[in-house]
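In: sequence first, then the predicted structure, then my questions.
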Amino acid sequence: MSVRVRFAPSPTGPLHMGGVRTALYNYLFARKHGGQFLLRIEDTDQARFVPGAEDYIRAALDWCGLTPDESPWVGGPDGPYRQSERKAMYKQYADQLIASDKAYYAFDTPEELEAMRERLKAAGVAAPAYNAVTREHMKNSLTLSADETRERLARGDDHVVRLKIPRNAEVRFEDIIRGWVVVHTANIDDKVLFKSDGMPTYHLANIVDDHLMRITHVIRGEEWLPSAPLHVLLYEAFGWERPAFAHLPLILKPDGNGKLSKRDGDRLGFPVFPLDWQDPATGERSSGYRERGYYPEAFVNMLALLGWNPGTDQELMGLEELTQLFDLDRVHKGGAKFDPEKTRWFNQQYLRLRPDAELGAQLRGKLAAKGIDTSLERATAAAALLKERATFVDDMLEGTYLFTSGSPLDGNAAADEELKKRWKPEAAPALEAYIAKLAAVAPFDAPGLEAAFNEVLQANGLKIGQVMPLYRLFVAGRMQGPGMFDVSALLGKDEVTARLQAGLERCRAWA
Ligand code: GLU
C-alpha cells in the first residue's frame, strides 16, 4: 500500500511555525516512502473562517518548497480538497452511524444542556459531560420513543448527531512517536458529529476525509492527541481500517517554559510565522521570516531539526538530504525548544553558500536604493568580502564605505570616539611610511599591501596592534569588517592614500 499523508490546516489565520513543521514532516515522510503528500483545507467551521488565510497557507508552503501533490489548487483523484466543497457528502456518514446504532439524534436546547451542567456541578461532578451516563436523562433518540423522534425530525426541530461512546471500555492505540496510548471511555464525551446547521464537526469530516482520501499515516501536532481516542472509536464505529498516528511534540519557548506563542516572538524579537501577515479584522501586523531576510532553506533546515534527530552531526541539509534521513522513529516525544540564535546561525550558513555574484547583485540593488551607484563587478567583489560577517543581505550594508569616496571619519562621531582612545603619536611615522610605499605596490593587491605593511612595522619597531586599528578607522571608519588589505585592494591606491592622509591630518589637529 502506498503511503498517503495529508496536511489539514484550518484557514483560521496565518500558519504558525509549528504548522509549517507539521507540513514539512508530512512532506518528508511522503517523499521518503515514495508516497503522496496531500493538502486538505478544513473549513467546516464557518465562524472561524478568516479571509486570506488559505492564500497565506499556499504561499507559505510554496516559499518553503513544500508543494503538495494533491490540493485544492492542483486537484487530484480524491477531491475536492476543501471541506466546504465536500459538504453534501458528510450527512450520509452521520446517517450510516445512526442506522448502525453507533450514533444518535439529540434535541436538547442550549438551556437544557446548561441545566444539565448545573445539575451535575451541584452534585459535585467536576467536568460535567454529555456521556454514557447523562445521555439517559436527556432528549435524544435513545430516550424518546421512535415515533417522537420521527415527528421531531419531520417537524425540523433543531438537533445534532452525537457519537454513542461505548460505556466502560478502553481505547488503545500505538502512536508511532508516543507509544501506547490508553484512554478509558469514561473520559470521552458523546461528541457532536453533525451540527444543527447541516455541517459536520471537525471530528466527523476529518475521519471521513482521511478514509476517503486513503490516508495511511496521520502526522499532526500534539494538540490533537486528546482527540485521537475519539477518532479511533469513530473508525471502529464505521468499521474502517484506521491510519497510523504520529503526534509531533510541541514547539516550546526558548527557555523551555511552555508552548511558543506569537507573544514570545514579539517580546524577544523573532517571527513565529513564515511570511508577513496582516489580520483582516484588526489590521494588526505580524512579521514573517521571509520578509526579515531569511532564506527558505535556512528556515526549513531549522524547523526540520526542531523535534527530530537526524542521527548525524551534519546540520546543514536541504530537502533532498532531509528526505533521505527522515524517520518518524527519531522524532522526540518531548517538546522542542525553539532557538532564535540558532535560526540566525542557519541563515548565516546559507548566506555564505550563495554565489558572490548573486549577493553582489542584491547588495548593488540595496545600495542603489540609498543613492549609491556601483558596478556589479565591484559589488560582487565587496560581497565576497562582506558575506563572512553577514547573517542577512542587509548586514552587508555595513560595508557602504567600500563604495563611497572621501574619509569615512567625516561626520562619524563614533569613529572619532574610538580614534581618540586608540591614537598613538608614535604610529604616525609608520603610517606615513606606509603611504609612501603604496605608490610602489604593484599589483595593488592584498598580498602586496600586507608585505608593505609588515616592512613598515618592522622598520619602525611597532606591533600590528599599535597601527592596524588606526589603519582600519582611517580607511573603513569602523573597527569591524573584512581584512584591511582586501578592503584596500578593492578601494584602490588613490582612495586609500587619500583616506590615510585625511586620518592623519585629523588626529594631528587634536593631538
Ligand atoms: N484542521 C486541523 C488543524 O487545524 C487538523 C488536525 C489534523 O491533522 O487532524 O490542525
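Out: Looks like it arrived, so ask away.

In: now whichever residue of the stretch 101-250 of the chain sits closest to the ligand: which helix or strand?
Out: Evaluated by Cβ to the nearest ligand atom, the stretch 101-250 of the chain has R220 as its residue closest to the ligand, separated by 3.5 Å. To be clear about C-beta, it is placed using only N, CA and C from the backbone, and glycine gets the same treatment. Taking DSSP states H and E as the criterion, R220 maps to strand 217-221.

In: same deal with P429?
Out: P429 belongs to helix 428-438, assigned by DSSP H and E.

In: what's the next helix or strand after that helix in contact with?
Out: Remark: after helix 428-438, the chain's next helix or strand is helix 446-460, criterion DSSP H and E. Helix 446-460 has contacts (Cβ atoms under 8 Å, 6 or more residues apart in numbering) with 426, 429-430, 433-434, 437-438, 440-442, 463-464, 467, 471, 483, 485-486, 488-489.

In: centre of the chain versus the next helix or strand after helix 446-460, how much separation?
Out: Under the assignment DSSP H and E, the closest C-terminal helix or strand after helix 446-460 is helix 464-476. Centroid separation between helix 464-476 and its chain, computed with Cα atoms, centre = their mean, to the nearest Å, is 42 Å.

In: ok, the residue in the stretch 401-511 of the chain that the ligand sits nearest to to L473 distance?
Out: Residue of the stretch 401-511 of the chain nearest the ligand, by Cβ to the nearest ligand atom: Q480 (45.0 Å). Applying Cβ to Cβ, to the nearest Å, the value for Q480 to L473 is 11 Å.

In: now swap in L97 and tell me
Out: Applying Cβ to Cβ, the value for L97 to L473 is 79 Å.

In: between the two ends of stretch 169-188, how far is it?
Out: With Cα to Cα, to the nearest Å as the measure, stretch 169-188 spans 10 Å from end to end.

In: when you give positions from now on, start the count at 45
Out: Let's use 45 as the start, then, which means that last one is stretch 213-232.

In: list the contacts of that stretch.
Out: 175-176, 209-212, 261, 269, 272-274, 276-277, 286, 288-293, 372-373, 375-377.

In: filter these by proximity to the ligand?
Out: Contacts with the ligand within the contacts of stretch 213-232, counted by Cβ under 6 Å from any ligand atom: none were found.

In: list only those of those flagged as buried.
Out: Buried by 16 or more other Cβ atoms under 10 Å: 175-176, 209, 261, 269, 272-274, 276-277, 286, 288-293, 372, 375, out of the contacts of stretch 213-232.

In: so which of the residues you listed belong to helices?
Out: Secondary structure from DSSP state H places 272-274, 276-277 of those in helices.

In: TSV please, covering those residues and showing distance to E385 and pLDDT.
Out: Shown next, in TSV, are those (distance: Cβ to Cβ, whole Å; pLDDT from 0 to 100):
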residue	distance to E385	pLDDT
A272	35	98
P273	39	98
L274	40	98
V276	41	98
L277	44	98
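
In: quick check: the farthest pair among those?
Out: Greatest spatial distance in these: A272 and L277, 9.8 Å, computed using Cβ to Cβ.

In: find the nearest non-adjacent residue to the closest residue to the ligand within the stretch 395-544 of the chain, please.
Out: With Cβ to the nearest ligand atom as the measure, F436 is the residue of the stretch 395-544 of the chain nearest to the ligand, at 31.4 Å. Spatial nearest neighbour of F436, excluding adjacent residues (Cβ to Cβ, 6 or more residues apart in numbering): G337 at 3.8 Å.

In: okay, the one you found: pLDDT?
Out: pLDDT, G337: 97.

In: I'd like the distance between it and D438.
Out: Counting by Cβ to Cβ - G337 and D438 are separated by 6 Å.

In: how about the strands of the stretch 245-394 of the chain, start to end?
Out: Taking DSSP state E, counting those that start in this stretch, the strands of the stretch 245-394 of the chain run over residues 261-265, 288-292, 295-296, 321-322, 329-330, 380-381.

In: what's the first one packed up against?
Out: Applying 3 or more Cβ pairs under 8 Å, 6 or more residues apart in numbering; DSSP states H and E, one finds that strand 261-265 makes contact with strand 48-51, helix 61-76, strand 288-292.

In: from the chain's centroid, how far away is stretch 144-152?
Out: The answer for stretch 144-152 is 42 Å, by Cα atoms, centre = their mean.

In: actually stretch 241-257, not the one I wrote
Out: Between the centre of stretch 241-257 and the centre of its chain there are 28 Å (Cα atoms, centre = their mean).

In: now swap in stretch 195-211 and tell me
Out: Per Cα atoms, centre = their mean, the centroid offset for stretch 195-211 relative to its chain is 42 Å.

In: now it: mean pLDDT?
Out: For stretch 195-211, mean pLDDT rounds to 97.

In: remind me, longest helix of this structure?
Out: Across the chain, the longest stretch assigned as helix under DSSP H is helix 537-554.

In: now it: buried residues?
Out: By 16+ other Cβ under 10 Å, the buried positions in helix 537-554 come out as 539-544, 546-548, 550-551.

In: re earlier: for the ones in helices among the buried ones among the contacts of stretch 213-232, which one is nearest K303?
Out: A272 (18.6 Å).

In: who's more crowded, Q524 and L517?
Out: Between Q524 and L517, counted using other Cβ atoms under 10 Å, the more crowded position is L517 (25 against 8).

In: N456 versus that one, what's the distance?
Out: From L517 to N456 the distance is 9 Å (Cβ to Cβ).

In: what do you get for R196?
Out: As for R196, its distance to N456 is 83 Å (criterion: Cβ to Cβ).

In: repeat that for T178.
Out: 76 Å.

In: and for T88?
Out: Per Cβ to Cβ, T88 is found 61 Å from N456.
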